[in-house]
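>>> the following comprises the amino acid sequence and a computationally predicted model.
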Amino acid sequence: MSTASDTIETTGVATSADGTPIAWTRLGAGPDLVMIHCVGVSRATTMQPTLPGALAEHFTVWTYDRRGKGESGDTEPYDVQREVEDLIAVLEMAAGPVTVYGFSSGATLALIAAAAGAPIARLTVLEPPLFDDPDPDRALLAEGRRRLAAGPAELHRWFNVEVVGVPEEVMAQLPPVSEEILRDAPSLLHELEFLPGTPARRFASVRQPALFIASETTDPAIIRWGRELAEALPHGESVVVPGEWHGVDDATLTRLITGAAGVARTDPA
């Protein structure tokens, strides 16, 4: 378990294979863990702002801004393989075997990276969208570009309601969209490039131990995808726990992630 002196935060910039700068933060001590954030957010605007600190009690936690977000750069044209290379650039800074935790589309990206051979020791994923439809005509991407042309706020709302499926009652409870999130809104188009055509069976070659986590009150389709993923992966497991729509609290996530990684805990479970 980390001590107060271990949890000093350090930041830096890694250089991805195509030269794109990828900004990162390191916190804590212990086995290495890399977090991959969900769509459209950076380290500063993440929907899980306190989770790195909770995990840093047990891990050396690496968080980073995915390309096109926060302090990281962006290089056109977009290709999901570049995102895999960004992750590898962060993984290569770790001292030993790395657990990767991904949330939502960041979880799908983690699965894509593992299937592509990224040096990941184990995976823990929270509610990855695993869409069957491949969108061969790229109609979804074209609509996203049309919405972006109408303004980042228009794209942001459309993406959340129509693509992610955020219920209107949940949208009404969300805080106003910040300028930082609107600035990064064009990166929402990245997800429209790689999310279509990512059913669970696509990841059958992923041999790392993988734990799928879902909230019991989330979209039933996500829970179904988790069962399918656990069945498709040679070492996959699926667990459904108490939580909110598309979210699980830090304490529960920390307990599950440390357990999956075999990390000894000295605090109450």
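Cool, the structure landed. Numbering: from 1, shown residues only.
>>> just the element for the residue nearest in space to the middle of the chain, please.
Note on the chain: the residue nearest the mean C-alpha position is Gly106, at 2.2 Å, using C-alpha atoms, centre = their mean. Assigned by DSSP states H and E, Gly106 belongs to helix 105-115.
>>> and what of Glu169?
Going by DSSP H and E, Glu169 is part of helix 168-173.
>>> and that helix, what's its mean pLDDT?
Averaged across helix 168-173, pLDDT comes to 84.
>>> list the buried residues for the next helix-or-strand element following it?
Beyond helix 168-173 in the direction of the C-terminus, DSSP H and E gives the next helix or strand as helix 179-183. For helix 179-183, the neighbour count (16 or more other C-beta atoms under 10 Å) marks Ile181 as buried. For the C-beta atoms, the positions are set from N, CA and C on the backbone; glycine is no exception.
>>> contacts for helix 179-183 next, please.
With contact meaning C-beta atoms under 8 Å, 6 or more residues apart in numbering, helix 179-183 is reached by Gly40, Val41, Ser42, Ala44, Thr45, Gly70, Pro152, Ala153, His156.
>>> next secondary structure element downstream of that helix?
helix 188-194.
>>> CA atoms of that next one as PDB?
C-alpha atoms of helix 188-194 as PDB (Å, rounded to 0.1, in the frame of the first residue of the first chain):
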ATOM      1  CA  LEU A 188     -15.600  12.300 -30.500                       C
ATOM      2  CA  LEU A 189     -15.200  11.500 -34.200                       C
ATOM      3  CA  HIS A 190     -12.300   9.200 -33.300                       C
ATOM      4  CA  GLU A 191     -14.800   6.800 -31.500                       C
ATOM      5  CA  LEU A 192     -17.000   6.800 -34.600                       C
ATOM      6  CA  GLU A 193     -14.000   5.400 -36.500                       C
ATOM      7  CA  PHE A 194     -13.300   2.400 -34.200                       C
END
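>>> give me the contacts around it.
Residues contacting helix 188-194 (C-beta under 8 Å, 6+ apart): 39-40, 66-68, 78-80, 83, 105, 108-109, 112, 135, 140-141, 144-145, 148, 155-156, 159, 163.
>>> give me the distance between that helix and the centre of its chain.
Taking C-alpha atoms, centre = their mean, to the nearest Å, one finds helix 188-194 lying 13 Å from the centre of the chain it belongs to.
>>> kindly report the same for stretch 46-63.
13 Å.
>>> list the buried ones in that stretch?
46, 48, 51-63.
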